[in-house]
Each structure stands twice: as C-alpha cells, then as structure tokens.
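# I'd like to go over a predicted model; first the sequence, then the structure.
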Amino acid sequence: MADFTYLAIDNKGKEKKGTIQAENKGDAVTQIKKNEMTLIRIEEANILTKDIEFSFGSGIKIRDLSVFCRQFISMINAGVTIIDALEMLSVATENKTMAKTIVKVRANIQKGETLSESMAKYPKIFPSIMISMVAAGEASGKLEVAFERMAERFEKKAKLDAMLKKASVYPTIVMIVSVIVIIVMLVQIIPTYKSMFDQLGADLPIQTVLAVKLSDFIIARWYVLVGLLIAFIVAVNVYKKTIPGQITFGTIARKLPVFGIINVKNASANFARTLSTLVYAGLPMVEALEITSNTMENYLYKECLKKAKEEVVKGVPMSEPIQKSGLFPPMVGYMTRIGEETGDIEGMLSKLADYYDEEVEMATQTLMAALEPMIMMVLAGIVILLISVIMGPMISMYGALDNL
C-alpha cells in the first residue's frame, strides 16, 4: 500500500486536498472518482508531502466507531458491496487512523479474508465485542443487524460518557481557578501586608501569620512543591497500574459521595448492554462473559465477571455469583435470575440496560443541578477565608495607628 496526495473538486464545486492509500496510482484515481470528485492532480506522497500524525494510543473514540457502524449499515442496506462500502468509508471517514485501518481491512478482504477476520488484526481500533458481533452476523447472514446493535451500544455509551464528563468539568474548573486565586494571594498580596506590618510593629492575626509563613515557604521553596506534586502524580499513576492500586481506586470509585452511585449504575448499564448484545448475537454465555469482563473499566467488576464465567463453566447460574459479589444493585441479580428461569436472558438484560441508562442520565442531571449551590458554598468559603486573612490585618493596622 502506498500514500497518494491529491487535489480534486467535489460535487459542490469546492477544492479538496487529501491523502489516500491505494495499491497503485490507478487504484487511487478510481477511489477518488467513485466519490464523485473531479481529479486535478495526484502524486505519490513523499516525506515532505505525507501527512504527519501525532497520536497517543489508538486515537479512536466511541463516536468514530458509532459513525462507522451507521454509515456501513446505510451502504449495505442500499445494496453496496462490502468492498465498495469500505472503499467509500475510507475516504469519508474524518479520523485518519480509522481511515487507514479501513483501507487495510478492505485489502485483507480482497485477499480472501472475512470482514471479522480482517478487523481482528487491528484490536486497538476495533474492540473485541465488535469483532465478535461481526463474526456472528456473518455466520447468521444478518451482518446489518450486528452493526445496528453495535451502533446503538456505541451511541448510548458515548452519550453516558459525555454526560459524566460534563458533570465533572464544572467542579474541576472551579477547583483549578480557586487554587490559582489562593496562590496569587499568597505570592503577591500577603508579602505586601507583611512589609506594612513590619514597619508598624503590629501583631498579625493568627490566620494571617499562617498565611505569611505559607507565603514565605512558597516563594523560597516553590520548586520543592512542584517536585512533590510531580512525584505524587507519578506515584499515583504507577500505583494505579498495580493490582492493589486497581482494587483501591475501584473501591473509591464505588464509594465516592454522589459520584459513587452513578459509577455503580453506569457499570451495571455497561454490563447488561454488552452481555445482552453478545447473547443476542448467539455467543455462548462463557465467551460472552469473558468479552464483557474486558469491557469493564473498574477492576472490581472485571474480576467479578471473570469469576462468574468460572462459575458458569461449573454449571452454576450466572445470577448467583453476580448477587453474591455485592458489587451490583440487587435488581441486577434479580432480573438476571428471572431471565435465566424464563429462558429470555437477552431480553431481561436489554431491559435492565435501558433502565440503568435512564438511571445514570437522571442521576447525572440531578448531580449537575446540585453542584451549582454546592460550588457556590465552596466559593463563599474561599471568599470568607480571603477576607479574614486580608481584613484582619487591616483592623489590627488601624488599632496600631491609633496607638501612635
């Protein structure tokens, strides 16, 4: 495969520059023309013209996968072959990493591989649940149904993740601004008051004395604080990668005030949605639990589902280890058990996922509404602290002046 840079005119009359991967120049020209563009110039990319990408990790977001699934469904339903659909998607996809991977997947299919086999070669791009669903869709002849279910799952997860991030952004910004204000006060304002009091010989209030000492330390030893902060961040990141660290942070995530219950409900929704999707695709429960466990972000839930898989292998109903773990809300265990008894585990899990999706959404909205007065109280406390530190010395200053 080679990279080709091109200049073309699209069907709206606008110029479009880009890079495309193809076996040769003729194949690149064919791909561009199939996208209803009039080619003006095309040449093989060199080190000066080739796109340079800086990426951390795969660079693929859930939203990218969701859009890919939706576009793929539309093309397949319109009667477009998989080869042609992938060719068009490789050009239409905005994420360059995703686009290049689609080109490679298409090339592998042309060599005789199935879509799932080709996608499995790129686990950093396509998650295991997606590969399993595609394989099941190919086996059943319902590939578009598999992509439909995956699109729904990605869209709901992206929506929940966006809401949780939105809920955390506001307090994070307020905290950062508060820290900056306090540092400015300690470094700029407090030293000014200190020099004034030294000249007057007045006694500083206790809160101001503490602020002055802290100010002196920051000014003289700021590099110590920076070093400690960096060391703390590195230590935390290293600890998080260890098993005890994952257990600790997993427990904290479940026990956090307000956020803890949201994390538990979000984990329940993810478990139910993923497992129902895999069971619907026809995967055995053992394999479905293995894949589902790998999608869980919290280490505690990941290990819980792995133990549940081991119990299922022994012939134990899945609902028993789920209930005994104490990690999931009681309703998860009850609904799972009912699904096993009625033979409709997929339907029950799907309803459970819908329920907890709504619960997470409502809890997040409630949290965001409650955060505003809570943050106002925090800001009020900071203002009172600043006033006591600054106004206290001023009152003492006036007393000292009266004694002169």
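Good, I have the coordinates.

# just how off-centre is whichever strand or helix holds E144 within its chain?
Assigned by DSSP states H and E, E144 belongs to helix 143-184. Relative to the mean C-alpha coordinate of its chain, helix 143-184 is positioned 7 Å out (Cα atoms, centre = their mean, to the nearest Å).

# packing partners of it?
helix 62-77, helix 128-140, helix 259-280, helix 345-402 (3 or more Cβ pairs under 8 Å, 6 or more residues apart in numbering; DSSP states H and E). Heads up, the C-betas are built off the backbone N, CA and C, glycines and all.

# if you set the cut-off to 10 Å instead, what comes out?
Contacts defined by 3 or more Cβ pairs under 10 Å, 6 or more residues apart in numbering; DSSP states H and E place helix 143-184 against helix 62-77, helix 115-119, helix 128-140, helix 206-240, helix 259-280, helix 345-402.

# make CSV out of those and add mean neighbour count.
As requested, the helices and strands packed on helix 143-184 are exported to CSV (neighbours: other Cβ atoms under 10 Å):
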stretch, mean neighbour count
helix 62-77, 19
helix 115-119, 21
helix 128-140, 20
helix 206-240, 13
helix 259-280, 23
helix 345-402, 15
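
# could I get those as JSON lines with distance to R106?
Shown next, in JSON lines, are the helices and strands packed on helix 143-184 (distance: least, Cβ to Cβ, whole Å):
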{"stretch": "helix 62-77", "distance to R106": "12"}
{"stretch": "helix 115-119", "distance to R106": "8"}
{"stretch": "helix 128-140", "distance to R106": "14"}
{"stretch": "helix 206-240", "distance to R106": "38"}
{"stretch": "helix 259-280", "distance to R106": "25"}
{"stretch": "helix 345-402", "distance to R106": "32"}
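
# which of the ones you listed comes out lowest on mean pLDDT?
Mean pLDDT is lowest for helix 345-402 among the helices and strands packed on helix 143-184, at a mean of 77.

# pLDDT wise, what is the closest residue to Y299 other than its chain neighbours at?
Of all residues beyond its chain neighbours, the one nearest Y299 is Q246 (3.6 Å), with distances taken as Cβ to Cβ, 6 or more residues apart in numbering. Reported pLDDT at Q246 in the predicted model: 91.

# tell me who's in contact with Q246.
Under the criterion of Cβ atoms under 10 Å, 6 or more residues apart in numbering, the neighbours of Q246 are Y239, K240, N298, Y299, L300, K302, E303.

# and the first one, how close does it get to F249?
When you say that, I think you mean Y239. For Y239, the distance to F249 equals 8 Å [Cβ to Cβ, to the nearest Å].

# over to V383?
For V383, the distance to F249 - Cβ to Cβ - is 33 Å.

# equivalent analysis for E144, please.
According to Cβ to Cβ, E144 and F249 sit 40 Å apart.

# rewinding a little: out of the helices and strands packed on helix 143-184, which gets nearest to P191?
Nearest to P191, of all the helices and strands packed on helix 143-184, is helix 206-240, at 6.0 Å by Cβ to Cβ.

# which parts of the very next helix or strand once past the closest one are buried?
Using DSSP H and E, the helix or strand that directly follows helix 206-240 along the chain is helix 243-255. The neighbour-count check on helix 243-255 (16 or more other Cβ atoms under 10 Å) flags G245, Q246, F249, G250, A253, R254 as buried.

# also stretch 88-97?
M88, L89, S90, V91, T93, N95, T97.

# what sits against G250?
K240, N263, A267, M296, E297, N298, Y299, L300, Y301, K302, E303, L327.

# coming back round to it: most neighbours of all the contacts of Q246, which one?
Highest neighbour count within those: N298, with 21 neighbours (other Cβ atoms under 10 Å).

# how about the nearest residue to the residue nearest to the spatial centre of the chain, chain neighbours excluded?
Centroid-nearest residue in the chain: D161, 6.2 Å away (criterion: Cα atoms, centre = their mean). The shortest distance from D161 to any non-neighbouring residue, by Cβ to Cβ, 6+ apart, is to I62 (6.8 Å).

# please tell me how far the one you found sits from E297.
Noted for I62: a distance of 12 Å to E297, by Cβ to Cβ.

# now swap in E287 and tell me
E287 is 20 Å from E297, by Cβ to Cβ.

# check I190 too.
I190 is 43 Å from E297, by Cβ to Cβ.

# give me the more crowded residue out of the two.
Ranked by neighbour count (other Cβ under 10 Å), I190 and E297 place I190 first, with 22 against 12.

# tell me the contacts of that one?
Contacts of I190 (Cβ under 10 Å, 6+ apart): 184, 208, 211-216, 218-219, 389-390, 393.

# for I73, same thing?
Shown in contact with I73 (Cβ under 10 Å, 6+ apart): A85, L143, E144, V145, A146, F147, E148, M150, A151.

# hang on, the earlier thing: okay, the contacts of I190 in JSON lines with distance to G343 next?
Below are the contacts of I190 laid out as JSON lines (distance: Cβ to Cβ, whole Å):
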{"residue": "V184", "distance to G343": "66"}
{"residue": "T208", "distance to G343": "73"}
{"residue": "A211", "distance to G343": "69"}
{"residue": "V212", "distance to G343": "73"}
{"residue": "K213", "distance to G343": "71"}
{"residue": "L214", "distance to G343": "67"}
{"residue": "S215", "distance to G343": "70"}
{"residue": "D216", "distance to G343": "73"}
{"residue": "I218", "distance to G343": "67"}
{"residue": "I219", "distance to G343": "72"}
{"residue": "V389", "distance to G343": "68"}
{"residue": "I390", "distance to G343": "71"}
{"residue": "P393", "distance to G343": "76"}
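
# from those, pick the one nearest I173.
The closest of those, once distances to I173 are taken by Cβ to Cβ, is V184, at 16.6 Å.

# the closest one and D84, how far apart?
For V184, the distance to D84 - Cβ to Cβ - is 60 Å.

# go on, F259?
46 Å.

# swap in R153?
Counting by Cβ to Cβ, the gap from R153 to D84 is 26 Å.

# which of the two has more neighbours?
Of the pair R153 and D84, R153 is the one with more neighbours under other Cβ under 10 Å, namely 24 against 13.

# quick one: pLDDT of that one?
pLDDT, R153: 80.

# next: Q110.
As predicted, Q110 sits at a pLDDT of 89.
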